[in-house]
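# predicted model, plus sequence, below.
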Amino acid sequence: MRVHGLYDELNQARRGRTWERHDFVLGFVGDVGDLAQLTQAADGVRPTPPGPGLGHELADCLWSVVVIAELYGIDLEAAFTTTMRQLEESLADGLGKGTTR
């Protein structure tokens, strides 16, 4: 989480405070908005905005999710595994295929 620590240092120096958990969530919302614009551009729906591109924005979003999970004490790997298993079971049941274990 070195980047998180560097952001803390920068925000403390520039703004006199570090980001709180809700600040990271709002930052993530902004990143998702940027991602939406880039996917629309990739699909020809809108002009391509200047900037580093889709891969960079996906990485920003992933970083935000990892940091937010850490700040809220969430074991992201365990939560992801559980959620995907539940989704798979629910979808399989909806298709009449039962549990797919």
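Alright, I've got the coordinates.
# near Val67, how many other residues are there?
If you count neighbours by other Cβ atoms under 10 Å, Val67 ends up with 20. From N, CA and C alone the C-beta is placed, and that goes for glycine too.
# which pLDDT value goes with it?
pLDDT, Val67: 97.
# for Leu35, same thing?
95.
# can you list contacts of the helix or strand harbouring Leu62?
If you go by DSSP states H and E, Leu62 is part of helix 54-71. Contact with helix 54-71 is made by 1, 3-4, 21, 24-25, 27-28, 31-32, 34-35, 38-39, 42, 51, 74-76, 79, as judged by Cβ atoms under 8 Å, 6 or more residues apart in numbering.
# how about stretch 3-13?
17-19, 63, 67, 70.
# return the members of those classed as buried.
19, 63, 67 (16 or more other Cβ atoms under 10 Å).
# list phi and psi for the first one.
Backbone geometry at Trp19, expressed as degrees, to the nearest 10, gives phi -70, psi 140.
# biggest helix in the protein, by residue count?
helix 21-42 (DSSP state H).
# so which elements touch that helix?
helix 54-71 (3 or more Cβ pairs under 8 Å, 6 or more residues apart in numbering; DSSP states H and E).
# which SSE is immediately downstream of the helix it packs on?
Under the assignment DSSP H and E, the closest C-terminal helix or strand after helix 54-71 is helix 76-94.
# quick check: angle from the worst-scoring helix or strand of the chain on mean pLDDT to helix 54-71?
The helix or strand of the chain with the poorest confidence is helix 2-15; it has a mean of 93 (mean pLDDT, DSSP states H and E). If you take axes from the mean of the first three to the mean of the last three Cα atoms, to 10 degrees, helix 2-15 sits at 90 degrees to helix 54-71.
# quick one: buried residues of helix 2-15?
Within helix 2-15, the residues that count as buried by 16+ other Cβ under 10 Å are Tyr7.
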